[in-house]
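*Asks:* got a structure for you, letters missing:
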RNA sequence: GGGGCCGUCGUCUAGCAUGGAUUAGGAUACAUGCUUGGGGUGCAUGCGAUCCUGGGUUCAAAUCCCAGCGGCCUCACCA
């Protein structure tokens, strides 16, 4: 790594490119604690935007934010056997407070099901208390042993976890799908990343869930990234935490529960999917700076006129709630600033120099395409508004093309192995439903079933591995992060 | 947890093979001044290094050996 710009090409060395973009665009930095990162303001602003949009969606549907302790008694985690088995390898434990060893060690939450549902059992009495729909924004600790990857794998990360309790299985099911679709909309519309949705296989489902639904995207290196999950917990947790209500029928019933979450990993996906050799490209809807104005000054009278005009343009845009930065730093040349803001991924650059002043115009440059567009002064606001939307749309379309390009239908195992080795990506293949075939494929190729689509596609119905009948039809395999 | 690579001013690096004179050199960044300004301006001056840490070998260690820490790549596990 050298200089201030990105020195590695995205398609030459993808993982190095990723590290450079994250560090040089000042999105994150390595913390002095192993496996931990600092989320810097530009990336945190993206997270805040995600929070804003998700909060709007969950609050308008009756969910409420709350906060639960980050310390979870060991006994709680142990209550649901599968849940405990799933998480215990990566739980951080607190065994001492001050100088005193704890009588019962405390887990630093790897997820909050247990501590939340213990409280739910206290709060839920009758069918009138249902549904209970709680959400929490918090940090999570999972004690990874190795391989820190900024935003994608760190010991501590930020997320949102929704937890709901319902009177009926049907209501829970509706909630699971609601959350899944809510995520799909946020990720596609705001982050401009297309996703596949479906259910996880048994081996990939959340520890303690009845079933897990998930959103998966493909990264430019051909590896899949899980973008979010929504679990139907059935009554497993209700039974061990005794979450019961008295129904209209005057009888006791266990509640039906769901949990769902997205994490700061989404920011990593945004960087990987959209960035290019110059650095980051921010989708306009999450960009902390949507427009940067760069004056092209010259000595003499024009310098003042240009300064005044750029200020005027900045104010006009800000009045329309467009996040605008006027970069009038005198210590840097325009060319330097161009590179700097391209590295940071600002969607639109507005240049204003003597020529423009004379012509009553500005020059707009799209970050995603590099296209330069002269715009008459009177049309600046309308053009920026249109361009922001157009850039957002173009980015989604480009990411969609990536997804299509990285999705391959195969009919036999040789083809499967060939595709995994050559181009990677999602492999659509029929699967018989036997976990053994799934496990063998994983051992052979490293690929796992990422998604079983909701809409059954049975145009291929012979299992790609064992050649038996594949009633479930086609599923999506991939190597993943 | 396994395998591979790496660690020198804020950053990127030279030096390391074959231990000693380079005062640990350069570039960049940073500070000041002038200059310049439509794609990382140019000049000058200045500031800046426990050579990752701890042991060991040696008359002598940035350099050789061991251990640890941290990062990257990769496998396993996970969001």
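*Replies:* Sure, I can see it. All figures in this text were calculated on a predicted structure; none of them were measured in a lab.
*Asks:* Look at the spatially most central residue of chain A and give its secondary structure.
*Replies:* When CA atoms, centre = their mean is applied to chain A, the residue found nearest the centroid is residue A:266 (2.0 Å). With DSSP: H, G, I helix; E, B strand; the rest coil as the basis, residue A:266 sits in helix.
*Asks:* For the stretch 201-350 of chain A, what lies in contact range of RNA strand B?
*Replies:* A:206-207, A:226, A:229, A:261, A:263-265, A:278, A:296-299, A:303, A:330-336, A:338-340, A:342-343 (CB under 7 Å from any atom of the strand). For the C-beta atoms, the positions are set from N, CA and C on the backbone; glycine is no exception.
*Asks:* dump the residue contacts of residue A:185.
*Replies:* residue A:57 (CB atoms under 8 Å, 6 or more residues apart in numbering).
*Asks:* Distance from stretch A:7-23 to the middle of the chain?
*Replies:* Distance, stretch centre to chain centre, for stretch A:7-23: 19 Å (CA atoms, centre = their mean, to the nearest Å).
*Asks:* Go through it and flag the buried ones.
*Replies:* A:8, A:10, A:14, A:17, A:18, A:19, A:20, A:21, A:22, A:23 (16 or more other CB atoms under 10 Å).
*Asks:* for stretch A:456-473, same thing?
*Replies:* A:460, A:461, A:463, A:464, A:465, A:470, A:472, A:473.
*Asks:* tell me the SS of residue A:281?
*Replies:* Strictly by three-state DSSP, residue A:281 counts as coil.
*Asks:* Which residue is the nearest non-sequential neighbour of it?
*Replies:* The shortest distance from residue A:281 to any non-neighbouring residue, by CB to CB, 6 or more residues apart in numbering, is to residue A:274 (4.3 Å).
*Asks:* cool, and residue A:95?
*Replies:* residue A:105 (4.8 Å).
*Asks:* State whether that neighbour is indeed within a strand.
*Replies:* Yes - per three-state DSSP, residue A:105 lies within a strand segment.
*Asks:* That one and residue A:94 touch, don't they?
*Replies:* Yes - using CB atoms under 8 Å, residue A:105 is in contact with residue A:94, at 6.3 Å.
*Asks:* Would you check how far apart the closest residue to residue A:466 other than its chain neighbours and residue A:430 are?
*Replies:* The shortest distance from residue A:466 to any non-neighbouring residue, by CB to CB, 6+ apart, is to residue A:437 (5.2 Å). Residue A:437 is 10 Å from residue A:430, where distance means CB to CB, to the nearest Å.
*Asks:* shared neighbours of those two, anything?
*Replies:* residue A:463.
*Asks:* Please enumerate the strands of the stretch 251-400 of chain A.
*Replies:* Using DSSP state E, counting those that start in this stretch, the strands of the stretch 251-400 of chain A run over A:252-254, A:256-263, A:291-295, A:324-326, A:348-352, A:361-366, A:372-376.
*Asks:* Please apply the same query to the stretch 51-200 of chain A.
*Replies:* Using DSSP E, counting those that start in this stretch, strands in the stretch 51-200 of chain A cover A:64-65, A:71-73, A:92-97, A:100-108, A:132-141, A:156-166, A:196-199.
*Asks:* quick one: the longest one near RNA strand B?
*Replies:* Yes - remark: strand A:156-166 sits within contact range of RNA strand B at residue A:157, by CB under 7 Å from any atom of the strand.
*Asks:* and that strand, which strands flank it?
*Replies:* strand A:132-141 (antiparallel), strand A:256-263 (antiparallel) (DSSP bridges).
*Asks:* Of the ones you listed, flag the one that's most buried.
*Replies:* Among the strands paired with strand A:156-166, strand A:256-263 has the highest mean neighbour count (mean count of other CB atoms under 10 Å), at a mean of 26.
*Asks:* farthest-separated two in the buried residues of stretch A:456-473?
*Replies:* A:465 and A:473 (14.6 Å; CB to CB).
*Asks:* Would you map out the domains in chain A?
*Replies:* Chain A breaks down into these structural domains: A:14-68+A:123-274, A:291-387, A:407-478 (assignment by automatic domain parsing).
*Asks:* quick one: low-confidence ranges for chain A?
*Replies:* Applying pLDDT under 70 to chain A flags residues A:1-3.
*Asks:* top helix in it by residue count?
*Replies:* helix A:380-405 (DSSP state H).
*Asks:* Taking strand A:361-366 as reference, get the angle to that one.
*Replies:* Relative orientation of helix A:380-405 versus strand A:361-366 (axes from the mean of the first three to the mean of the last three CA atoms, to 10 degrees): 20 degrees.
*Asks:* close to RNA strand B, is helix A:380-405?
*Replies:* No - Helix A:380-405 stays clear of RNA strand B (CB under 7 Å from any atom of the strand), getting no nearer than 13.3 Å.
*Asks:* and the angle from that helix to strand A:372-376?
*Replies:* Going by the same axes, to 10 degrees, helix A:380-405 makes 150 degrees with strand A:372-376.
*Asks:* Could you give the bridge partners of the nearest residue to residue A:478 once chain neighbours are set aside?
*Replies:* The shortest distance from residue A:478 to any non-neighbouring residue, by CB to CB, 6+ apart, is to residue A:224 (3.7 Å). Assessed by DSSP bridges, residue A:224 has beta-bridge partners residue A:218, residue A:480.
*Asks:* Now do the contacts for residue A:224.
*Replies:* Counting by CB under 8 Å, 6+ apart, residue A:224 has contacts A:216, A:217, A:218, A:425, A:426, A:450, A:476, A:478, A:479, A:480, A:481.
*Asks:* Let me know the closest of these to residue A:138.
*Replies:* residue A:481 (22.2 Å).
*Asks:* Any idea how many residues pack against the nearest residue to that closest one once chain neighbours are set aside?
*Replies:* In space, residue A:481 comes closest to residue A:225 once its chain neighbours are excluded; the distance is 4.9 Å by CB to CB, 6+ apart. Look at residue A:225: counted by other CB atoms under 10 Å, it has 22 neighbours.
*Asks:* what's near enough to touch residue A:225?
*Replies:* Here residue A:225 is in contact with A:152, A:216, A:217, A:218, A:219, A:265, A:268, A:269, A:272, A:480, A:481 (CB under 8 Å, 6+ apart).
*Asks:* Closest residue of the stretch 201-350 of chain A to RNA strand B?
*Replies:* Nearest to RNA strand B in the stretch 201-350 of chain A, going by CB to the nearest atom of the strand, is residue A:335, at a distance of 2.4 Å.
*Asks:* the helices in chain A, which residues?
*Replies:* Going by DSSP H, chain A shows helices at A:14-24, A:41-59, A:74-79, A:81-87, A:113-123, A:169-189, A:236-241, A:265-274, A:301-319, A:334-344, A:354-359, A:380-405, A:413-422, A:435-445.
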